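Colleague: 3D, please:
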Amino acid sequence: MSLLAITWDVSPTLFNFPEWLPLLGGREVRWYGLLWALAIFAAWEIVRKIFKHEKYPEIWGEKLFFYGAIGLIVGARLGHCFFYEWHLLQEPVTILGITFRYGNPYFARPWELLYVWQGGLSSHGGAIGLLISMYFYNKYVTKKGYIWILDRLVIGVALGGAFIRFGNLMNSEIYGTPTTLPWGFRFVRDPMWYQPIEFGGGGGLPCHPNQIYEMLYCLITFSFLVYLYKKREAYKKQGLIFGVFLIGIFGTRFLLEFIKLNQEAFENNMFFNMGQLLSIPFIIWGIYLIVKVLKKSRKKTA
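Modeller: Numbering: from 1, shown residues only. Here you go, the predicted model:
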């Protein structure tokens, strides 16, 4: 065990409401929830400034918060429940000749999808939710084109992603495999950290702080997107900023999954885990958009 490893023993709870308060008494407010709220606010504020810079109606920014927040939160919750909550059944179930060894508890208890306070939000689900909500936002508000709004939205989303990953760090969750590097973290508040490595745990060893790695690639992607927007006026080349975002966020996520502990047991026998499989379509989309922009630029030059 590395003597230089960092022992991470930070409480995920920001504060508790007093017991005497009606409804809220005794409930806790977590850093994770606060950082999610900050992520949404930061992304919204950045896109509002972009609209103001380009002299578009102020009402566009106000309506964006409604569409974006609902799409992000609903998508993130549903994504976690349906992508990651598959568990080994005590007794396999056979339906129409097909044997199912894994089941999802939300099929039997769909009302628990609303229990967001129990945790469980997926970044891929949030991305899908945003893409769906932005389709309707473009259709009923901006009417400037689907990719047009995504080119601007993702600048704020990249920064918001850094806040969310910081929230994961405060929760001592979604970290990496054991490492001997001096910046390895001992996540002593997470029970899974003590579990043997062969059972998907950290083995009580210092692990990669993947949350920090992902915070960094979000901040780097955000900085590069701001550079493309301000210095290169890339927003005039429709799809370029969005394409760079997709590769910067999901391409890096795909690579970092190789040193991340699997979130669920069913991933242990997969060559690519769920996070990687969900990232591949976004990476392909990003490559397609960038190639399309480059081809269009060459034709104009010719």
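Colleague: quick check, distance from the one helix or strand residue 29 maps to to the centre of its chain.
Modeller: Assigned by DSSP states H and E, residue 29 falls within strand 28-30. Averaging C-alpha positions (Cα atoms, centre = their mean, to the nearest Å) puts strand 28-30 20 Å from its chain's average.
Colleague: Repeat that for stretch 87-107.
Modeller: 28 Å.
Colleague: can you give me the end-to-end distance of it?
Modeller: 12 Å (Cα to Cα, to the nearest Å).
Colleague: Could you do stretch 91-107 as well?
Modeller: 17 Å.
Colleague: May I ask which helix or strand encompasses residue 131?
Modeller: In this structure, residue 131 sits in helix 123-137 according to DSSP H and E.
Colleague: now do residue 93
Modeller: Element membership for residue 93 (DSSP H and E) is strand 87-95.
Colleague: What pairs with the helix or strand following that strand, parallel or antiparallel?
Modeller: Downstream of strand 87-95, the first helix or strand assigned by DSSP H and E is strand 98-103. With DSSP bridges as the test, strand 98-103 is paired with strand 87-95 (antiparallel).
Colleague: Please tell me how far residue 245 sits from residue 77.
Modeller: Separation of residue 245 from residue 77 (Cβ to Cβ, to the nearest Å): 23 Å. Where C-beta positions appear, they are placed from N, C-alpha and C, glycine not excepted.
Colleague: that older thread, going by contacts, tell me the helices and strands next to the next helix-or-strand element following the helix holding residue 131.
Modeller: For helix 123-137, the succeeding helix or strand toward the C-terminus, using DSSP H and E, is helix 146-170. Here helix 146-170 touches helix 31-53, helix 123-137, helix 210-230, helix 240-246, going by 3 or more Cβ pairs under 8 Å, 6 or more residues apart in numbering; DSSP states H and E.
Colleague: Settle it for me: which of residue 245 and residue 77 has more neighbours?
Modeller: Per other Cβ atoms under 10 Å, whichever of residue 245 and residue 77 has more neighbours is residue 245, with 26 against 20.
Colleague: Tell me how far the more buried one lies from residue 174.
Modeller: Distance from residue 245 to residue 174, by Cβ to Cβ: 21 Å.
Colleague: cool, and residue 114?
Modeller: Look at residue 114 and residue 174: by Cβ to Cβ, they are 23 Å apart.
Colleague: Which one's more surrounded, those two?
Modeller: Between residue 114 and residue 174, counted using other Cβ under 10 Å, residue 174 has the larger neighbour count: 18 against 9.
Colleague: And the pLDDT for that one?
Modeller: Note for residue 174: predicted pLDDT of 93.
Colleague: Tell me who's in contact with it.
Modeller: Going by Cβ atoms under 8 Å, 6 or more residues apart in numbering, residue 174 touches 168, 210-211, 260, 263.
Colleague: Please repeat the previous calculation with a cut-off of 10 Å.
Modeller: Listed by Cβ atoms under 10 Å, 6 or more residues apart in numbering, the contact partners of residue 174 are 123, 165, 167-168, 190, 210-211, 214, 260-261, 263, 275.
Colleague: what about it, which SS state?
Modeller: Three-state secondary structure (criterion: DSSP: H, G, I helix; E, B strand; the rest coil) places residue 174 in coil.
Colleague: Could you check how far it is from residue 208?
Modeller: From residue 174 across to residue 208, the span is 11 Å (Cβ to Cβ).
Colleague: Next: residue 300.
Modeller: Residue 300 is 44 Å from residue 208, by Cβ to Cβ.
Colleague: These two - which one has more neighbours?
Modeller: Shown here are residue 300 and residue 208; by other Cβ under 10 Å, residue 208 has more neighbours (21 against 7).
Colleague: Look up how far residue 260 lies from the more buried one.
Modeller: Applying Cβ to Cβ, the value for residue 208 to residue 260 is 7 Å.
Colleague: Kindly report the same for residue 294.
Modeller: Per Cβ to Cβ, residue 294 is found 32 Å from residue 260.
Colleague: and what of residue 52?
Modeller: 38 Å.
Colleague: So for the two, which sits in the more crowded spot?
Modeller: Taking other Cβ under 10 Å, residue 52 and residue 260 do not tie; residue 260 has more neighbours (21 against 13).
Colleague: wait, what's in contact with the more buried one?
Modeller: Per Cβ under 10 Å, 6+ apart, neighbours of residue 260: 174-177, 207-208, 210-211, 213-214, 253, 273, 275-276.
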